[in-house]
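[1] Sequence first, then the predicted structure, then my questions.
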Amino acid sequence: MKAFVGARIFTGTEWLKDGALIIEENRIVKVLRRKRLPKNAEIINVKGKFITPGLVDAHSHIGMVEEGAGRDYADLNESTNPTTPDIQAIDGFYPDDPAIRETRASGITTVYITPGSSNPIAGLGAVVKLKDGYLKDMILKDRAGLKLSFGENPKATYGVNGKKPITRMAIAAIIREAFYKARVYCNKRRGKERDPQQEALCLALRRKIPIRAHAHRKDDILTALRIAEEFNLSIIIEHCTEGHLAVEEMKGYKNIIGCVSGPLLYFPWKVELKNLSFKNPAILSEHEFLVAIMSDHPFTHAKYLTLYAAMAHKEGMDEIEALKAITINPAILLGVDKKVGSLEPDKDADFVIWSHHPFELKSEAMEVYIEGKRIK
């Protein structure tokens, strides 16, 4: 049993001054407000430092686009068919991507990896721990969400070649048609040969996993929400770039679990990004949406996740909410909050010891632990 004492500790919901984090092997035992320490604990003095849960990146392509390897080694978009619900991000994940070492050294211990946004229905995302070992040991959830994509990316992928979808109307129609067919399959299948594509859609129709809807522009956000309501799907809005322009209408939809905002430190290189703003997470949070902040690695590097959250705080997001947006909130959205995202008894001992407040530019992740094992 180890007791890390003297630091300011962010539990996932609040700061504790001069707290104590008690771990045993790979689990958290407790977090104390005062130093009423177990007699058999090894005392580790971290006075003057800051402790947070291991950070959680709610949307990433790390390991799917290998750092420094070029396009030939990118396993991101299966741009051969507008509907590929059965493909799984984990099957394109490369555990030896150099970016993984950099990312976990920055304090990120858990990530959600997802197929890209070329297809209206793109495939299944997974939650992985960035720890050493075999791939099977890294996986927390291998099927954690179904990626849908609205707006310019599917149009740019297929429309430029004169193939469907050319318009936003066709994107929505393709998605609806797939769910109509899957609903029939889900209701009638009894002992028949299974269809992997339909099975993946059934996971969403049965609300076993949420749809994760890539939607930047206000109209795309609302189209995604209409489709979710039509088929009674749980939905998380990915990017949600114009969420701050749509919040009042968004509140009218009951199936929305939350929003994953970002990438925020980004150049608005296409029309649907023209209203990109670091104020977006603050406005969504103020309207009581559950908000996570993403890196969208490699489009902005995952290792700067604290910077993106700090900038959101600078532009109006409450400090605690900004910290939650990279810890407990993404864990909740990913359905892994019983294991990660906060420092609570019986959760995995994933935590970071920082030299300064994690939102300070000079702050360094001095020590990073995953399941009680120091990996930096």
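    Received the coordinates, thanks.

[2] got any ranges where this structure has weak pLDDT?
    Confidence mapping of the chain against pLDDT under 70 gives the ranges 34-35, 189-191.

[3] Tell me the spacing between Lys147 and Asn81.
    14 Å (C-beta to C-beta, to the nearest Å). No exception for glycine: its C-beta is placed from N, CA and C like everyone else's.

[4] can I get the CA coordinates of the lengthiest helix in the chain in PDB?
    With secondary structure taken from DSSP state H, the chain has its longest helix at helix 168-188. Provided in PDB are the C-alpha atoms of helix 168-188 (Å, rounded to 0.1, in the frame of the first residue of the first chain):
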ATOM      1  CA  ARG A 168     -26.400  16.300 -47.100                       C
ATOM      2  CA  MET A 169     -29.800  14.900 -48.100                       C
ATOM      3  CA  ALA A 170     -28.200  11.800 -49.400                       C
ATOM      4  CA  ILE A 171     -26.000  11.400 -46.300                       C
ATOM      5  CA  ALA A 172     -29.100  11.400 -44.100                       C
ATOM      6  CA  ALA A 173     -30.900   9.100 -46.500                       C
ATOM      7  CA  ILE A 174     -28.100   6.500 -46.500                       C
ATOM      8  CA  ILE A 175     -28.100   6.500 -42.700                       C
ATOM      9  CA  ARG A 176     -31.800   6.200 -42.500                       C
ATOM     10  CA  GLU A 177     -32.000   3.400 -45.100                       C
ATOM     11  CA  ALA A 178     -29.300   1.400 -43.200                       C
ATOM     12  CA  PHE A 179     -31.200   1.700 -39.900                       C
ATOM     13  CA  TYR A 180     -34.600   0.800 -41.500                       C
ATOM     14  CA  LYS A 181     -33.100  -2.400 -42.800                       C
ATOM     15  CA  ALA A 182     -31.300  -3.200 -39.600                       C
ATOM     16  CA  ARG A 183     -34.400  -2.700 -37.600                       C
ATOM     17  CA  VAL A 184     -36.200  -5.400 -39.600                       C
ATOM     18  CA  TYR A 185     -33.100  -7.700 -39.300                       C
ATOM     19  CA  CYS A 186     -32.900  -7.100 -35.500                       C
ATOM     20  CA  ASN A 187     -36.600  -7.900 -35.000                       C
ATOM     21  CA  LYS A 188     -36.800 -11.000 -37.200                       C
END
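
[5] Neighbour count: Lys147 and Asn81, which is higher?
    Lys147 (25 against 11; other C-beta atoms under 10 Å).

[6] partners of the more buried one in the sheet?
    Lys147 forms beta bridges with Gly123, Arg212, as assigned by DSSP bridges.

[7] do Glu24 as well
    Arg27.

[8] That one contacts Ala3, correct?
    No. Counting by C-beta atoms under 8 Å, Glu24 stays clear of Ala3, with 10.0 Å between them.

[9] quick one, which of those two is more surrounded?
    A direct count of neighbours by other C-beta under 10 Å for Glu24 and Ala3 places Ala3 higher, at 21 against 15.

[10] what bridges to the more buried one?
    Listed beta-bridge partners, Ala3: Ile22, Ile43 (assigned using DSSP bridges).

[11] measure it to Gly341 for me?
    22 Å.

[12] what's the answer for Lys192, then?
    Per C-beta to C-beta, Lys192 is found 40 Å from Gly341.

[13] Specify which residue of these two has the higher count of neighbours.
    Ranked by neighbour count (other C-beta under 10 Å), Lys192 and Gly341 place Gly341 first, with 28 against 8.

[14] The most centrally placed residue in the chain in helix, strand or coil?
    By C-alpha atoms, centre = their mean, the chain has its centre lying nearest to Ala58, at 1.0 Å. Using DSSP: H, G, I helix; E, B strand; the rest coil, the three-state assignment for Ala58 comes out as strand.

[15] How about the secondary structure of the nearest residue to Ser261 once chain neighbours are set aside?
    Using C-beta to C-beta, 6 or more residues apart in numbering and skipping residues adjacent in sequence, the residue nearest Ser261 is Pro281, 4.6 Å away. Assigned state for Pro281: helix (three-state reduction, three-state DSSP).

[16] Let the chain start at 6 from now.
    With 6 as the first residue, the last one maps to Pro286.

[17] residues touching Pro286, list them.
    266, 269, 296, 298, 317, 322, 326-327, 330 (C-beta atoms under 8 Å, 6 or more residues apart in numbering).

[18] run the last query once more with 7 Å
    Counting by C-beta atoms under 7 Å, 6 or more residues apart in numbering, Pro286 makes contact with 266, 296, 298, 317, 322, 330.

[19] Most distant residue from the centre of this protein?
    Most distant residue from the mean C-alpha position of the chain: Lys44, 38.9 Å away (C-alpha atoms, centre = their mean).

[20] you'd agree it is in a helix?
    No. Under three-state DSSP, Lys44 sits outside any helix and is assigned coil.

[21] and it, how far is that from Glu372?
    On the measure of C-beta to C-beta, Lys44 and Glu372 end up 25 Å apart.

[22] what are the bridge partners for Glu243, then?
    Taking DSSP bridges as the rule, Glu243 bridges to His219, Val265.
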